[in-house]
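# A predicted structure for the sequence below; I have some questions about it.
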Amino acid sequence: MSQGGGKYGMASRWDSARVAGNIYLAVAVLIALLPLLLVAINTFKPHVAIVANPLSLPTSINFANFTRAWRGGHFSTGIVNSLLLSGSTVLITLACASLAAYALARRQIRGWQAMTIYFLCATTVPIQLFLFPLYFVLAKLGLIGNFLATATILSAINLPISIFLLRAYVLGIPREIDDAAFMDGATPWQTFRHVILPLMQPGLITVAIIVFLNSWNEFLITTTFQKGRGNLTMTLGYLSMNGIYATDQGAMMAGAFILVAPIIIFVLILQRFFIAGMSAGAVKG
Amino acid sequence: MARFRSVAFSHALFVAPALVVSVAIVLLPALLTLLVAFADWDGASTPTFVGLKNFQAVFSDPVFWGALFNNVQWMVIFLTIPMAIAMVAASILMRRKRSSAVFQIIFLLPYVLSPVANAVIWQNIIFDPISGLLGFVSRSWFPLFNPLTDTRTALYAVAGVDIWHFWGYLAVVFFAAMRQTPEDQLEAAFIEGASGWQVFWNVTLPNILPTVALMLVLVTIFSFLTFDYVYLITQGGPARSTEMLSTFAYAFAFTSFQVGKAATVALAMSFFGLIASLVYVRMSRSEIQL
């Protein structure tokens, strides 16, 4: 009896732990999703129905909210600017970071150590430490609202972490491969382009996804440098609706839906890159 | 021999674009910030050297100390609450390996959405007294007040939104670290009849300690730089109760065009982050095999 009781007590202790765990996860899921579910159900409702009860399900599917949100949030302009800005940020970052990662990992240049430490320090440098002079210098040069200038700034911010991610890939490629290419008469550029770059591909994809998302979502640099109606990104265009559309929450929710839904789909499709990319570099030991 | 030297030369060319971009965008303007902190500058005309005048003005401004205190509160909140929520969630996921992928994606969703979308959604559909959930609950069930309008609660309300957005990232990182706990250590602990808590305290936690330490350092750095959610939700109000060093500096630069003072505040916030940054660099140095 006592033996059985001990065993039984053990099992029930684990069961109650399991139930507590399930409750914890359920609450966590509910809190994580609640604001997004509210957007989803209120996207199709008119303003009066939202004010009456934000928790009620829509009684009809109405797309009028979307047309008003699309116009009010300047999304036609925003989507073009966001794609140009994030696309160029990814290209600039990938080009600079892959080359630098290769050179720094191979340690052929004098000062590689100092440069590596420099990029390490740049990983956590506060944006505000360089933001103000940079803004007024670019303003003098007439580059405010120039998406290539803004993309270069976003690249500079994303470069250090990208370099370290890609550098880890290069360190995993045996040096003998470089030597073999060298013996075959390949120039350093040919070695990089035809040997190293293809082997770095998984890293390049991870970096591209993370940098794209970072620059798509970025706020401080974007709001400072993409001033002017014609230069708004999708997020800035939506932000310009806030307050003005306080009495048209249907449009506000539709705007949020337009902004959020593509990102969620993007993340769901690429989830295996995401979870890996998010924790890359963060897990130590 | 000449070809060997040309390899070094080519590699120097390879690193040049990244270095030029970073030096032009980050390093030189950062040095300019250092200079401008000692000058009167409206951003357009020629700056004039004023010595320590900006520092005296900023340090004798109670708003600066209020903002610094808010940053410190922010740090204390973020070093504890999201850490604890994420640690518990990650530990629970360890016993649910099959469903963990789904939970991780759900917890990450708020983190991958833009601060603009998150902030505007919370303002309009949660906090708003007319269209938000809080207003609806007040009207239908029991009275609630809008925490954003009260100087005593606004900071915690904004922090709540930021925690909602951030904790999932920590959970994914902690879970990834916990999964690297050697399986035999876990098994040995279970065979010896250790409770779930004992396993966590004696096996899992020591194994993930380097990751936890790194996250503590990063959270400390970013607590002194936090900008997005505060600027988007309260702009530092009501009555400057949510003013942060970052929003304070931003207003100096772009509202009153006192770039010298903005630079001074920027230096102060970088200083606090810098201490944590030094720890970060020390921690990562061995990692990157210098």
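Noted; the coordinates are in hand. Numbering: from 1, shown residues only, chains lettered A, B, ... in the order given.

# Pop the domain breakdown of chain A in here.
A:2-52, A:73-241 (automatic domain parsing).

# export these to CSV and tack on mean neighbour count and mean pLDDT?
Where C-beta positions appear, they are placed from N, C-alpha and C, glycine not excepted. Below are those laid out as CSV (neighbours: other C-beta atoms under 10 Å in any protein chain shown; pLDDT from 0 to 100):
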stretch, mean neighbour count, mean pLDDT
domain A:2-52, 15, 82
domain A:73-241, 20, 95
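
# any idea which residue sits dead centre in the chain?
In the absence of a named chain, chain A is used. Nearest to the mean C-alpha position of chain A, by C-alpha atoms, centre = their mean, lies A:Leu213 at 2.6 Å.

# Hmm, no, I was thinking of chain B.
B:Phe222 (3.2 Å).

# so A:Phe164 sits right up against A:Thr123, yeah?
Yes: between A:Phe164 and A:Thr123 there is a contact at 7.3 Å, judged by C-beta atoms under 8 Å.

# can you count the residues close to B:Thr149?
14 (other C-beta atoms under 10 Å in any protein chain shown).

# correction: B:Val161
Neighbour tally, B:Val161, other C-beta under 10 Å: 24.

# where's it, which helix or strand?
B:Val161 belongs to helix B:154-178 when assigned by DSSP states H and E.

# and if you look at A:Leu165?
helix A:147-171.

# same question, A:Phe274
A:Phe274 belongs to helix A:271-279, assigned by DSSP H and E.

# what about stretch A:80-100, near chain B?
Yes: against chain B, stretch A:80-100 shows contacts by C-beta under 8 Å from any C-beta of the partner chain at A:Ile92, A:Ala95, A:Cys96, A:Ala97, A:Leu99, A:Ala100.

# and those residues, which of them are in helices?
A:Ile92, A:Ala95, A:Cys96, A:Ala97, A:Leu99, A:Ala100 (DSSP state H).

# Out of the residues you listed, flag the one nearest to B:Leu109.
A:Ala97 (27.1 Å; C-beta to C-beta).

# what sits against that closest one?
In this structure, A:Ala97 makes contact with A:Asn158, A:Leu159, A:Ser162, A:Ile163, A:Leu166, A:Val207, B:Ala18, judged by C-beta atoms under 8 Å, 6 or more residues apart in numbering or on different chains.

# returning to what we had before: centre of the chain to the helix holding B:Val161, how far?
10 Å (C-alpha atoms, centre = their mean, to the nearest Å).

# between the following helix or strand past it and helix B:154-178, how big is the angle?
Using DSSP H and E, the next helix or strand after helix B:154-178 towards the C-terminus is helix B:183-191. Comparing the axes of helix B:183-191 and helix B:154-178 via axes from the mean of the first three to the mean of the last three C-alpha atoms, to 10 degrees yields an angle of 100 degrees.

# where do the strands sit along the stretch 1-150 of chain B?
B:39-40, B:48-49 (DSSP state E, counting those that start in this stretch).

# what does chain A give?
Applying DSSP state E to chain A gives no strands.

# Around the residue lying closest to A:Asn242 once chain neighbours are set aside, count how many other residues there are.
Closest residue to A:Asn242 apart from its sequence neighbours, by C-beta to C-beta, 6 or more residues apart in numbering or on different chains: B:Val120 at 5.1 Å. Residue neighbour count, defined by other C-beta under 10 Å, stands at 24 for B:Val120.

# Return the residues in contact with A:Gly203.
Counting by C-beta under 8 Å, 6+ apart, A:Gly203 has contacts A:Leu165, A:Leu166, A:Ala168, A:Tyr169.

# Check what pLDDT the nearest residue to B:Leu68 once chain neighbours are set aside gets.
The shortest distance from B:Leu68 to any residue other than its chain neighbours is 6.3 Å, reached at B:Leu245 (C-beta to C-beta, 6+ apart). pLDDT for B:Leu245: 96.

# Angles on the backbone of B:Leu245, please.
Dihedral angles of B:Leu245 (phi, psi; degrees, to the nearest 10) stand at phi -60, psi -40.

# Do I have it right that it meets B:Asn71?
Yes: applying C-beta under 8 Å, one finds B:Leu245 in contact with B:Asn71, separated by 5.5 Å.

# quick one on the thing from earlier: which of the residues in the helix holding B:Val161 are classified as buried?
Residues of helix B:154-178 classed as buried: B:154-155, B:157-178 (neighbour count, 16 or more other C-beta atoms under 10 Å in any protein chain shown).

# which of those residues are close to chain A?
Restricting the buried residues of helix B:154-178 to those near chain A - C-beta under 8 Å from any C-beta - leaves B:Trp164, B:Gly168, B:Tyr169, B:Val172, B:Val173, B:Ala176, B:Ala177.

# how close does A:Phe201 get to A:Ala208?
Rather than Phe, residue A:201 is Gln. Distance, A:Gln201 to A:Ala208, by C-beta to C-beta, to the nearest Å: 10 Å.

# typo on my end, B:Pro29
27 Å.

# Ok, B:Arg95 next?
Separation of B:Arg95 from A:Ala208 (C-beta to C-beta) stands at 35 Å.

# next one: B:Val21
17 Å.

# Next: B:Thr234.
Applying C-beta to C-beta to B:Thr234 and A:Ala208 gives a distance of 35 Å.

# do the same with B:Ser284
23 Å.

# One more: B:Arg98?
Separation of B:Arg98 from A:Ala208 (C-beta to C-beta): 30 Å.

# measure A:Leu129 to chain B for me?
According to C-beta to the nearest C-beta, to the nearest Å, A:Leu129 and chain B sit 5 Å apart.

# Now for that residue: which residues touch it?
B:Ala30, B:Thr33, B:Ala266, B:Leu267, B:Ser270.

# Out of those, give me the one that has the most neighbours.
So for the contacts of A:Leu129 (other C-beta under 10 Å), the most neighbours sit at B:Ala266, 32 neighbours.

# which residues touch it?
A:Pro126, A:Gln128, A:Leu129, A:Leu131, A:Phe132, B:Thr33, B:Ala37, B:Ala249 are the contacts of B:Ala266 under C-beta under 8 Å, 6+ apart.

# give me the element it is part of.
helix B:259-287.

# And that helix, how far out from the chain middle?
13 Å.

# Stretch A:45-59 too?
That offset, for stretch A:45-59, works out to 32 Å (C-alpha atoms, centre = their mean).

# show me the contacts for B:Trp167.
B:Trp167 is in contact with B:Ile81, B:Pro82, B:Ile85, B:Ala86, B:Ala89, B:Phe107, counting by C-beta under 8 Å, 6+ apart.

# Next, work out how far apart the residue nearest to the centre of chain B and chain A are.
Distance from B:Phe222 to chain A, counting by C-beta to the nearest C-beta: 8 Å.

# pLDDT value on that residue, please?
B:Phe222 is given a pLDDT of 91.

# B:Ile275 now?
81.

# show me what contacts residue 90?
Looking at chain A here, since you left the chain open. Counting by C-beta under 8 Å, 6+ apart, A:Val90 makes contact with A:Ala208, A:Val211, A:Phe212, A:Ser215.

# That was the other one, I meant chain B.
B:Ala171, B:Val172, B:Phe174, B:Phe175, B:Met178.

# repeat for A:Leu55
So A:Leu55 contacts A:Leu38, A:Ile41, B:Leu133, B:Phe136 (C-beta under 8 Å, 6+ apart).

# The last one contacts A:Pro54, correct?
Yes: B:Phe136 is within contact range of A:Pro54, at 5.4 Å (criterion: C-beta under 8 Å).

# Pull the most distant pair out of the contacts of A:Ala97.
Between all members of the contacts of A:Ala97, the farthest pair (by C-beta to C-beta) comes out as A:Val207 and B:Ala18, at 12.8 Å.

# what bits of the stretch 1-150 of chain B have low per-residue confidence?
Counting by pLDDT under 70, the stretch 1-150 of chain B has low-confidence residues at B:1-5.
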